[in-house]
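[1] please find the sequence and the predicted model below.
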Protein chains: 2
Amino acid sequence: MTNNLKPAHKLPGCRTSAARSAILQSLAVNHCQTAEQLMAGFSKNKRPHKTTIYREITCLLDNGLIHELNFGDGRKTYELADNQHHHHLICLKCGWIHPIFMQHDLDKTVAHSAKKQGFTVTKHSLEFFGYCLKCN
Amino acid sequence: MTNNLKPAHKLPGCRTSAARSAILQSLAVNHCQTAEQLMAGFSKNKRPHKTTIYREITCLLDNGLIHELNFGDGRKTYELADNQHHHHLICLKCGWIHPIFMQHDLDKTVAHSAKKQGFTVTKHSLEFFGYCLKCN
DNA sequence: TTGACAAATGCAACTTAGTTGCATTATAAT
DNA sequence: ATTATAATGCAACTAAGTTGCATTTGTCAA
C-alpha cells in the first residue's frame, strides 16, 4: 500500500516529503477530504503545521496529482487525480461523499453549442445533493 | 421595472427595505453576483454596510427569492430564483458567467440508481468551465 | 564524505469572506 | 401619536487560507 504510492511521491524539483506522502496515502483511503480533514488524519504528535498542509496541497495540485473540488459549503475538497472521471453524491446533512460513475457526453454536447458564442469548455462539475441512507 | 419588482419585496414578517429592493433589482440586471459585487452596485454615498448586505442575502435566501451558487473560487454567488432551471458557462480567466438552458434528466437518472444505496437526490449542480470569447 | 544550495517546515502575522452582539433608527400596525 | 419590532450601522470576532521569514533537512556535485 505504501510501496505503490512511493513513485508518485517523487515529483520533479521536489524532495520526498513526509507530509506529502501522508496526504496521498490518506486520500487513497478516504476519497474526498478537506484541508482540515487531512490535518485531522495525522496523529497529534506528528501533525504538520497547517501552513505545510496547504503548501503540500498546492504542490500536489500543481503537479496534477490531486484535484480540487468545491461542494458549496465554502471549503475546498481534494481527491486523487488518478481515478476515472466521476461525479459525487453529497449528503446535505452529514457530509457523506460518494463517487458515482455515469456515462454522459455533457461536455461534448455543451462544448458544441457554447462554441457558437465563442466559449470553449475545458471541464465541468456535476454534483448531486440529497440525503444518505442514515440521514434519510 | 421598479414597479413589477415591488410585490416581491414585500415579504411576510419583513418591512420594505431599500437594500433588499436594490439587491433584487441588481440581480435582475446582472444574473449572477457575489456579495462584494452587490456592494459595488451601490453608489458610494448610499451604499449600505456589508452587514446589511449579508443579512438581506440571508433574508432573501430564507424566503426563496434567490439561490446561492458556488463556482469553486471560494465566494458565494447569488441569482434570482424566479427563472427556469439552468446551468452556467463560467470563464476561468475573467469570471464571465452565462446561463445555459439544456434539457436533460440527470436528476431522475441518478435518483434511480442512487436510491439503491439509500440516497435521495434533492438537487444537483452542473457548471461548465472554460474560456469566453474575449479570453480565448 | 562533505559542503552547500534549495526544498521542506514551523511560526507569527496577515488577508478575505462572512458572522455576531449591541446600540440606534425608522416603518407600519394599532 | 404610540409602540413593537424590523432594518441598519459599527466594532469586534471567526474561519479558511496566505505570506514573510527564519530554521531544518534532503540531495546533488565535488
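    That came in fine, so what should we check first? Numbering: from 1, shown residues only, chains lettered A, B, ... in the order given.
[2] compute the inter-axis angle for the longest strand seen in chain A and strand B:120-131.
    Counting residues, the longest strand in chain A under DSSP state E turns out to be strand A:120-131. Counting by axes from the mean of the first three to the mean of the last three CA atoms, to 10 degrees, strand A:120-131 lies at 160 degrees to strand B:120-131.
[3] give the buried residues for strand A:120-131.
    A:T120, A:V121, A:H124, A:S125, A:L126, A:E127, A:F128, A:F129, A:G130, A:Y131 (16 or more other CB atoms under 10 Å in any protein chain shown). (Each C-beta comes from the backbone N, C-alpha and C, glycine too.)
[4] any chance of a markdown table for these, columns pLDDT?
    Listed next are those as a markdown table, based on pLDDT from 0 to 100:
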| residue | pLDDT |
| --- | --- |
| A:T120 | 96 |
| A:V121 | 95 |
| A:H124 | 91 |
| A:S125 | 91 |
| A:L126 | 93 |
| A:E127 | 93 |
| A:F128 | 94 |
| A:F129 | 92 |
| A:G130 | 93 |
| A:Y131 | 94 |
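[5] so which of those residues comes closest to B:R15?
    A:F129 (33.1 Å; CB to CB).
[6] A:Y54 versus the closest one, what's the distance?
    For A:F129, the distance to A:Y54 equals 27 Å [CB to CB, to the nearest Å].
[7] spell out which residues of chain A are next to DNA strand D.
    Residues of chain A found near DNA strand D (CB under 7 Å from any atom of the strand) are A:15-16, A:34-36, A:50-51, A:54-55, A:58, A:74-76.
[8] which PyMOL command selects the buried ones in these?
    A single PyMOL command selects the buried members of those (16+ other CB under 10 Å):
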select buried, chain A and resi 34+35+76
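[9] rebuild the residues of chain A next to DNA strand D as a markdown table, extending it with distance to chain B, secondary structure and pLDDT.
    As requested, these are exported to a markdown table (distance: CB to the nearest CB, whole Å; DSSP: H, G, I helix; E, B strand; the rest coil; pLDDT from 0 to 100):
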| residue | distance to chain B | secondary structure | pLDDT |
| --- | --- | --- | --- |
| A:R15 | 30 | coil | 87 |
| A:T16 | 30 | coil | 84 |
| A:T34 | 13 | strand | 95 |
| A:A35 | 12 | helix | 96 |
| A:E36 | 15 | helix | 95 |
| A:K50 | 17 | helix | 96 |
| A:T51 | 18 | helix | 96 |
| A:Y54 | 13 | helix | 97 |
| A:R55 | 18 | helix | 96 |
| A:T58 | 14 | helix | 95 |
| A:G74 | 7 | coil | 73 |
| A:R75 | 9 | coil | 82 |
| A:K76 | 7 | strand | 90 |
